[in-house]
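Q: kindly return the folded structure for what I paste below:
(2 chains, ligands or ions: 2)
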Amino acid sequence: MATLDASKSKYSNNEKMFLEGNEALAYGAINAGLNAFFGYPITPSSEVLETLAKEFGNPLYPNFKVFLQASSELEAANMLLGAAATGALAMTATSSPGFSLMQETISYAAGMEIPFVVADANRAGPGLGSLGPEQGDMWKASKGGGHGDYRCIVLSAHTVAELAQTPFLAFRLAFKYRNPVIILYDSYLAKLKEGIDLPTVEDLMVDRSWTVGQQNEGSRQILNSLNLEPDVHEDHEAHLQEKFRAMLEHEQRAEEYLTDDAEVILVAYGILARLAKKVVNKARGEGLKAGLLRPIILWPPPMTLLEKYVDRETPLLVVELNAGQLYEDVKQAASRRVDVGFVGHLGGSVPNIGTVESKMRRLVYGRTGG
Amino acid sequence: MHYCPGCEHGLLTRLVASALDSLKLRKQAVMIDSVGCSVLAYKYLNIDHIQAPHGRAPAVMTGVKRFRPDLLVFSVQGDGDALAIGLAELIHAASRGESITTFVVNNAVYGMTGGQMAPTTLLGQVTKTTPAGRQAAIQGRPIDGAKLVASIDGASYVRRASLVPKPITSSDEPMFKQQEVEDAKQVIENAFKVQLMGGFSYVEFISTCWVNWKMSIKQAKIFASTQLVKQFPLGTYKDVFGVEDK
Ligand SMILES: Cc1ncc(C[n+]2csc(CCOP(=O)(O)OP(=O)(O)O)c2C)c(N)n1
Ligand code: SF4
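A: Residues are numbered from 1 along each chain as shown, chains lettered A, B, ... in the order given. Ligands and ions are numbered 1, 2, ... in the order given. Sure thing, here's the model as predicted:
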């Protein structure tokens, strides 16, 4: 296994690279065609910024035209807005407190239909919280986060290799819907090192017909945010909602792991999906047919698949690093027709396997059984 | 126009348009619309526009210009937009020497939101949030944007001009000297030229907001051209390229 040799990354895909999640995200972004990156240091995502600082100017990456460290996440997000408005594949990476600061701009971008990508390495909150992993930003990412009623597609990953692939999908979806896309990962995956093959990607073809700065004689592009005429704004919001409905319909994506014959299905994403897979494998070794439904896209949530298992009357156990956020979506899908259990762990670490196992067994066998 | 009659926002829009045409820059110009009374500028200036959140125009301009150095990028910011909520973005854009241009309308109040105190509000000035007049001990002293930006190494052109002609007499029917307004157009052209040379340009314009000052248009013009300019002296604060000598 080669150590990190970034200069080879794009063209030596048969060579495994040993990367931490942040580095994989950075190279994944470059390989997806990243044009512009703006960021502000924060643990545990600073290595994305640092890796891209190092690669900026590398002749292997001619598309990577702009790299800038901003004076705050407010500034970074608004630099992103400007570059993206002129058609750049633009991205930033931050962690929870910084993600909070970016929300106003994400709202403007959703309203003006400007596509860009924000990666959030979720650390434990509220406040400065702890540097360990949490999934407390799940609602913030998937239910808008800033002001107004809007949605962003939210991608997750459970391995370093998968994280490296998220930027390509993120840019594709951002431009497809002209809307910001969030990559929600966590402190654990940010620092986890794994040997991966960097994804090779085809050139991303995106529609830039709406961007400013085209310098066409006689036509001009206006990305405005204020509509003082109520009916104009009503139409605009109706148009946005139509896009969010289209995302809900077309962009659900989840991995079904041993779910076909499952007597109980765990629902977990990100770093916890790894733990859930262990629980599932162990349970199967002990005669309990467990399975895992792992949302790859967190918003829109995998409602169609959830409903399928609810129709089969399979009990569901949601495992999250928060007090129950995806849990709400799962309960909605279940609409009281199946039992939905929940393990929520807060504080910057992951729950131990035993806790998840005992909750799962209780769900299947009842309080005294198993 | 949605500007109040007699407001210099409207005048500035026309001067910017005419400077863009004199320099034949209309095609490559992108205006970043700030949050304040200039927010609807896209309705009047027939060029490309992007809306920035309140105070963040210099950051949005940076994003545009870094990715598209071939474009001419500028904004018209209010004094609250530039010197209160957006001060960090302004100073850091200046410090990086971004080749962008920002025009700041200094009318000593928040116009769009109805006349609250701005960082530029004069001591003693009554606003909706300083009903007893601004007091140094409580609200601090006015911020001099031009002086501040000129102190930043990366800034190339810093100028304070006036859009409010000086009264020639102080009688009941004052006459107004047009020269300052004509100078203002030259200053705008200078600011664009500095951007084309790769520099950061900041131009602040002394203006009025008679509606929120609770004055007549005439009283407001006299107040601005006699009182505001005392706190905010007109002149060239910095001209690294010597654009005014050319
Ligand atoms: C984040 C945020 N805070 C507050 C406002 C409300 N707001 C709109 S314009 C404005 C200030 C306008 O004053 P100024 O910048 O001086 O510009 P002027 O209207 O005087 O030209 C404020 C506070 C806003 N739109 N966004
Ligand atoms: S509120 Fe004041 S600054 Fe705004 S347009 Fe009216 S006079 Fe001009």
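Q: when you work out contacts or count neighbours from here on, use the C-alpha atoms and nothing else.
A: OK.
Q: what's residue B:128 in contact with, if anything?
A: B:114-117 (C-alpha atoms under 8 Å, 6 or more residues apart in numbering or on different chains).
Q: cutoff 10 Å now
A: B:109-110, B:114-117, B:212-213 (C-alpha atoms under 10 Å, 6 or more residues apart in numbering or on different chains).
Q: how far away is it from residue B:114?
A: Residue B:128 sits 8 Å away from residue B:114, going by C-alpha to C-alpha, to the nearest Å.
Q: between those two, which contacts overlap?
A: B:212-213.
Q: list the buried residues in the longest helix along chain B.
A: Longest helix of chain B, by residue count under DSSP state H: helix B:179-196. Judged by neighbour count (16 or more other C-alpha atoms under 10 Å in any protein chain shown), helix B:179-196 contains these buried residues: B:180-181, B:184-185, B:187-196.
Q: quote the end-to-end distance of stretch A:178-196.
A: Distance between the boundary residues of stretch A:178-196 (C-alpha to C-alpha) amounts to 31 Å.
Q: close to chain B, is that stretch?
A: No: on the criterion C-alpha under 10 Å from any C-alpha of the partner chain, stretch A:178-196 is out of touch with chain B, staying 14.9 Å away.
Q: if we can go back for a sec, any residue of the longest helix of chain B up close to chain A?
A: No: Helix B:179-196 is not in contact with chain A by C-alpha under 10 Å from any C-alpha; minimum separation 16.0 Å.
Q: measure how the helix or strand that comes right after that helix sits relative to helix B:179-196, angle-wise.
A: Counting by DSSP states H and E, the next helix or strand C-terminal to helix B:179-196 is strand B:200-206. Relative orientation of strand B:200-206 versus helix B:179-196 (axes from the mean of the first three to the mean of the last three C-alpha atoms, to 10 degrees): 160 degrees.
Q: strand B:200-206 packs against which elements?
A: helix B:8-22, strand B:72-78, helix B:87-95, strand B:101-106, helix B:145-150, strand B:155-162, helix B:179-196, strand B:235-239 (3 or more C-alpha pairs under 10 Å, 6 or more residues apart in numbering or on different chains; DSSP states H and E).
Q: could the buried residues of helix B:179-196 be laid out in JSON lines, adding pLDDT and distance to residue B:29?
A: Formatted as JSON lines, the buried residues of helix B:179-196 follow (pLDDT from 0 to 100; distance: C-alpha to C-alpha, whole Å):
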{"residue": "B:180", "pLDDT": "81", "distance to residue B:29": "25"}
{"residue": "B:181", "pLDDT": "82", "distance to residue B:29": "23"}
{"residue": "B:184", "pLDDT": "95", "distance to residue B:29": "19"}
{"residue": "B:185", "pLDDT": "95", "distance to residue B:29": "17"}
{"residue": "B:187", "pLDDT": "98", "distance to residue B:29": "17"}
{"residue": "B:188", "pLDDT": "98", "distance to residue B:29": "14"}
{"residue": "B:189", "pLDDT": "98", "distance to residue B:29": "13"}
{"residue": "B:190", "pLDDT": "98", "distance to residue B:29": "15"}
{"residue": "B:191", "pLDDT": "98", "distance to residue B:29": "13"}
{"residue": "B:192", "pLDDT": "98", "distance to residue B:29": "10"}
{"residue": "B:193", "pLDDT": "98", "distance to residue B:29": "13"}
{"residue": "B:194", "pLDDT": "98", "distance to residue B:29": "14"}
{"residue": "B:195", "pLDDT": "98", "distance to residue B:29": "12"}
{"residue": "B:196", "pLDDT": "98", "distance to residue B:29": "11"}
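Q: most widely separated two among these?
A: Spatial extent of these (C-alpha to C-alpha) is set by the pair B:180 and B:196 at 24.4 Å.
Q: grab the longest strand from chain A for me.
A: strand A:117-124 (DSSP state E).
Q: state the mean pLDDT of that one.
A: The average pLDDT within strand A:117-124 is 98.
Q: ok, that strand: who's next to it in the sheet?
A: strand A:90-95 (parallel), strand A:130-133 (antiparallel), strand A:181-186 (parallel) (DSSP bridges).
Q: buried residues in the first one?
A: If I follow you right, that is strand A:90-95. A:90-95.
Q: remind me which residues of chain A are low pLDDT?
A: Within chain A, the set of residues satisfying pLDDT under 70 comprises A:1-15, A:201-202, A:367-370.
Q: the domain parsing of it - what is it?
A: A:17-196, A:254-365 (automatic domain parsing).
Q: what about the first one, near ligand 1?
A: No: Domain A:17-196 lies apart from ligand 1 when judged by C-alpha under 6 Å from any ligand atom; the minimum separation is 7.7 Å.
Q: how far does that domain sit from its chain's centre?
A: Put simply, domain A:17-196 sits 9 Å off its chain's centre (C-alpha atoms, centre = their mean, to the nearest Å).
Q: where are the low-confidence patches of chain B?
A: Within chain B, the segments meeting pLDDT under 70 span B:169-174.
Q: ok, the one residue sitting closest to the centre of it - contacts?
A: With distances taken as C-alpha atoms, centre = their mean, the residue of chain B nearest its centroid is residue B:104 (1.8 Å). By C-alpha under 10 Å, 6+ apart, the residues touching residue B:104 are B:75-83, B:145-146, B:160, B:202-207.
Q: what is the neighbour count of the closest residue to ligand 1 within chain A?
A: The nearest approach of chain A to ligand 1 comes at residue A:104, 7.7 Å away (C-alpha to the nearest ligand atom). For residue A:104, the neighbour count with other C-alpha atoms under 10 Å in any protein chain shown is 18.
Q: buried stuff in the helix or strand where it lies?
A: Per DSSP H and E: residue A:104 is located in helix A:103-112. The neighbour-count check on helix A:103-112 (16+ other C-alpha under 10 Å) flags A:103-112 as buried.
Q: same deal with stretch B:9-23?
A: Buried, per 16+ other C-alpha under 10 Å, within stretch B:9-23: B:9-10, B:12-13, B:15-20.
Q: what of stretch B:121-140?
A: B:121-123, B:125-127, B:130, B:133-134.
Q: could you export it as PDB, CA atoms only?
A: This file holds the C-alpha atoms of stretch B:121-140, laid out as PDB (Å, rounded to 0.1, in the frame of the first residue of the first chain):
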ATOM      1  CA  THR B 121     -24.400  58.400  12.800                       C
ATOM      2  CA  LEU B 122     -23.100  61.700  14.100                       C
ATOM      3  CA  LEU B 123     -22.700  62.500  17.900                       C
ATOM      4  CA  GLY B 124     -25.900  64.100  19.000                       C
ATOM      5  CA  GLN B 125     -27.800  62.900  15.900                       C
ATOM      6  CA  VAL B 126     -31.300  61.700  16.700                       C
ATOM      7  CA  THR B 127     -32.400  58.500  15.100                       C
ATOM      8  CA  LYS B 128     -35.100  56.000  15.900                       C
ATOM      9  CA  THR B 129     -32.700  54.000  18.100                       C
ATOM     10  CA  THR B 130     -30.900  57.100  19.500                       C
ATOM     11  CA  PRO B 131     -34.000  59.200  20.500                       C
ATOM     12  CA  ALA B 132     -31.900  61.300  22.800                       C
ATOM     13  CA  GLY B 133     -29.100  61.700  20.200                       C
ATOM     14  CA  ARG B 134     -26.000  59.500  19.800                       C
ATOM     15  CA  GLN B 135     -23.800  59.700  22.800                       C
ATOM     16  CA  ALA B 136     -20.100  58.800  22.700                       C
ATOM     17  CA  ALA B 137     -20.300  57.200  26.100                       C
ATOM     18  CA  ILE B 138     -23.100  54.900  25.200                       C
ATOM     19  CA  GLN B 139     -23.100  54.200  21.400                       C
ATOM     20  CA  GLY B 140     -19.500  55.200  20.700                       C
END
